[in-house]
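J.: Got a predicted structure plus its sequence, pasted below:
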Amino acid sequence: MIYATKGIVLHHFDYSESSIIVKIYTELYGLQSFIIKGFKNNKSRYKKALIQPLSIVEVVAYPNPKGEIHLIKEMVLYYHPKTLYLNIKKTAIVFFLNEIIYKSIKEQEPNQLLFRFILDSLIYLDDNTEKISNFNLFFIIQFTKYLGFFPEQNYSENCAFFNLIDGIYQPSIPNHNNYIDSYLAKTFFELSNESVESLHKLKISYNDRKILLIKICNYYEIHISGFKNLKTIEVLEKIFEE
């Protein structure tokens, strides 16, 4: 029996001379692998835009009860982006977020709140005409809500060092190097409480964004097994250099 679901493309790789396997985070079934037969044929009805990083698609597939790879019957774009792959800064963010999401989501169980968060974030980024320099920081902090290690909201002037291992703010520097100092911890706290609509109003320098990006990625490394060696972070830093 075939099924249909919306999904967000995270990764693809060759399966044979003409076919590929695509990993898609689906709304109804969580992370799934699909084979698209004949995708690489010159006369294939499938376009490469379907498998761009974080493409939002609708999938019709045949379930495979004996294995983890399902057969695609049909796949089309559910959302047609206007600027995500034309604006170089937005494209850099998309590639970075794609790597973050792909390295973070390990389980097949569906999480429709998480799916909706990713979907809404991508559509907002696509539509947004305001300054987007802070968007990647905002996303990866908010993303931790769904991964289970959102920062404890106990920041104050007297409790202003963020401990990356324990996920809490504390009054003094911890006895290890995995922390955000009091100067940047305030900005980190503001990002974790800001609305996406007001994000462009936060004034964060390039150097502060760069340090925070590294620290937050370190936060992910601590809390997610196997999360390391990000390839897109240097490109992102370079494109947003001011």
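T.: It's in.
J.: Show me which positions of the helix or strand bottoming out on mean pLDDT in the chain end up buried.
T.: Between all helices and strands in the chain, the lowest mean by mean pLDDT, DSSP states H and E belongs to helix 233-239, at a mean of 90. Buried positions in helix 233-239, judged by neighbour count with 16 or more other C-beta atoms under 10 Å: 233, 236-237. C-betas here are computed from N, CA, C, even on glycine.
J.: Could you do stretch 62-78 as well?
T.: 70, 72, 75, 78.
J.: got the end-to-end distance for it?
T.: Its first and final residues considered, stretch 62-78 spans 19 Å by C-alpha to C-alpha, to the nearest Å.
J.: again, but for stretch 77-86
T.: End-to-end distance for stretch 77-86, by C-alpha to C-alpha: 17 Å.
J.: just to revisit the earlier point, export the least confident helix or strand of the chain to PDB, keeping only CA atoms.
T.: In PDB, the C-alpha atoms belonging to helix 233-239 read as follows (Å, rounded to 0.1, in the frame of the first residue of the first chain):
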ATOM      1  CA  ILE A 233      31.100  26.400   8.900                       C
ATOM      2  CA  GLU A 234      34.200  28.000   7.200                       C
ATOM      3  CA  VAL A 235      32.200  28.800   4.100                       C
ATOM      4  CA  LEU A 236      29.500  30.400   6.200                       C
ATOM      5  CA  GLU A 237      32.000  32.500   8.100                       C
ATOM      6  CA  LYS A 238      33.700  33.700   5.000                       C
ATOM      7  CA  ILE A 239      30.500  34.700   3.200                       C
END
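J.: Just give me the closest of the buried residues of stretch 62-78 to Ile101.
T.: Within the buried residues of stretch 62-78, distances to Ile101 taken as C-beta to C-beta reach their minimum at Tyr78, with 16.9 Å.
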